[in-house]
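>>> Sequence first, predicted model second:
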Amino acid sequence: MGRCVIGYLGIDIGGTKVAFRCEHGETGAAEEFSFPWPKPGPDAAEDLRLLGVQVAKALPREQLTAVGVSAPATLDRAGRVVAWPMRPSWTGVDFGAALRSLFPGVPVCVADDGDLAALAEAKEAGCADLVYFGVGTGIGGGIVLDGRSWPGLQRASCELGHVVVDRSGARCDCGRRGCVQALASGPATLRRATRLRGGPVTPARLRAGIEAGEPWAVTAVTESALALAAAVVSTGELCAPAATVIGGGFAAGVPAFVTLVAAEVRRLARPGRPPAPVRPAVLGGLSSLHGAVVAARELVREAQAAEISSRARAASR
């Protein structure tokens, strides 16, 4: 594993791996690497220990400017984990404090992975009003309005994966029924495919089934696309974005998934309210990782703006 040059560090904590992206502050030169994230265990301290070991390997020779961390957890404003269904042992962990201890003296921001992915996609596409859905182990999402995350990275996460699209649908990890995550995520689609096929289905087997036009595969993926389309349309009624972006590793790996979602969104359009175009994520499965770097850079910009404002007030006295 290489060592990052001085600059901005983004960390994306996913369901099965933790990815790092270092960007040089001036040139933008980048380096990426990752390590497997262990299966959820009963002790969050062990997860943090492993993260600390890997962070030590990734630290630059000189001090970092800022760090952004993307996590699929619900956090309060102080950075404490309120809920993390896939890692229940983390509930109550002061993740913000743990990160500050890993990066002493360096500004650190931790935020929801969907919110950060939305920021990165909006920046990449030059689109100030955008909705993002990330379909992977779960479903994350974020809304960017007028170039800023809504409702705001430090206020609350935008939990689009928990939009209810079927009141009698499958039970979600959160305990509720019918969340789009319970119907359209990667694991949910594979469970449906396994049931329809009558035997185990891996992501590779699902892709092969889709490409071959096998009915069990087509039906499994179509059902997921229809459920996601319902969430896309409902979200669009609230904020009228200029574009809807679908990313995440699972969506990127399933042929025609985004096309199916886009077709259903158009079918559900109502008179006088044309839907925003639906397209694949520009950054593919790396949106959250890039978003973590965007958050790190934003920390520095905000600090600089606050300093300039403070100096201006002092000069006017």
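All right, it came through fine.
>>> give me the number of residues near residue 255?
Burial measure for residue 255: 14 neighbouring residues, criterion other Cβ atoms under 10 Å. The way it works is simple: take the backbone N, C-alpha and C, and place the C-beta from them, glycine included.
>>> ok, it - contacts?
The neighbourhood of residue 255, defined by Cβ atoms under 8 Å, 6 or more residues apart in numbering, consists of 207, 210, 211.
>>> SS state for it?
Under DSSP: H, G, I helix; E, B strand; the rest coil, residue 255 falls in the coil class.
>>> same deal with the one 5 residues further on?
In the three-state summary, residue 260 is assigned as helix, counting by three-state DSSP.
>>> check contacts around it.
Residues 221, 222, 225, 226, 229 are the ones in contact with residue 260 under the rule Cβ under 8 Å, 6+ apart.
>>> The third one contacts residue 261, doesn't it?
Same thing as residue 225. Yes. Here residue 225 reaches residue 261: they are 4.7 Å apart, a contact under Cβ atoms under 8 Å.
>>> Show me which of these two is the more surrounded one.
Using other Cβ under 10 Å, the more surrounded residue of residue 225 and residue 261 is residue 261, with 29 against 26.
>>> Would you mind measuring from the more buried one to residue 254?
Relative to residue 254, residue 261 is positioned 11 Å away (Cβ to Cβ, to the nearest Å).
>>> and if you look at residue 169?
Residue 169 sits 20 Å away from residue 254, going by Cβ to Cβ.
>>> okay, those two: which has more neighbours?
Set side by side, residue 169 and residue 254 show more neighbours around residue 254, with 22 against 17, by other Cβ under 10 Å.
>>> wait, doesn't the more buried one sit right on residue 204?
No. Look at residue 254 against residue 204 with Cβ under 8 Å: they stay out of range, at 11.1 Å.
>>> about what we covered before: including distance to residue 135, could the contacts of residue 260 go into TSV?
Formatted as TSV, the entries for the contacts of residue 260 read as follows, by distance: Cβ to Cβ, whole Å:
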residue	distance to residue 135
221	11
222	14
225	10
226	13
229	12
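>>> which among these gets closest to residue 50?
For residue 50, the closest of these turns out to be residue 221, at 34.3 Å, with distances computed as Cβ to Cβ.
>>> For residue 72, see how far away that closest one is.
For residue 221, the distance to residue 72 - Cβ to Cβ - is 23 Å.
>>> still on that earlier bit, among the contacts of residue 260, which are in strands?
In strands, judged by DSSP state E, none of these are found.
>>> Could you dump those residues into a markdown table with distance to residue 20 and pLDDT added?
Formatted as a markdown table, the entries for those read as follows, by distance: Cβ to Cβ, whole Å; pLDDT from 0 to 100:
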| residue | distance to residue 20 | pLDDT |
| --- | --- | --- |
| 221 | 32 | 97 |
| 222 | 36 | 97 |
| 225 | 32 | 97 |
| 226 | 36 | 97 |
| 229 | 34 | 97 |
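>>> Let's see which of these end up in helices.
Residues from the contacts of residue 260 lying in helices, with DSSP state H as the criterion: 221, 222, 225, 226, 229.
>>> How many neighbouring residues does residue 256 have?
Residue 256 is surrounded by 15 other residues when neighbours are defined as other Cβ under 10 Å.
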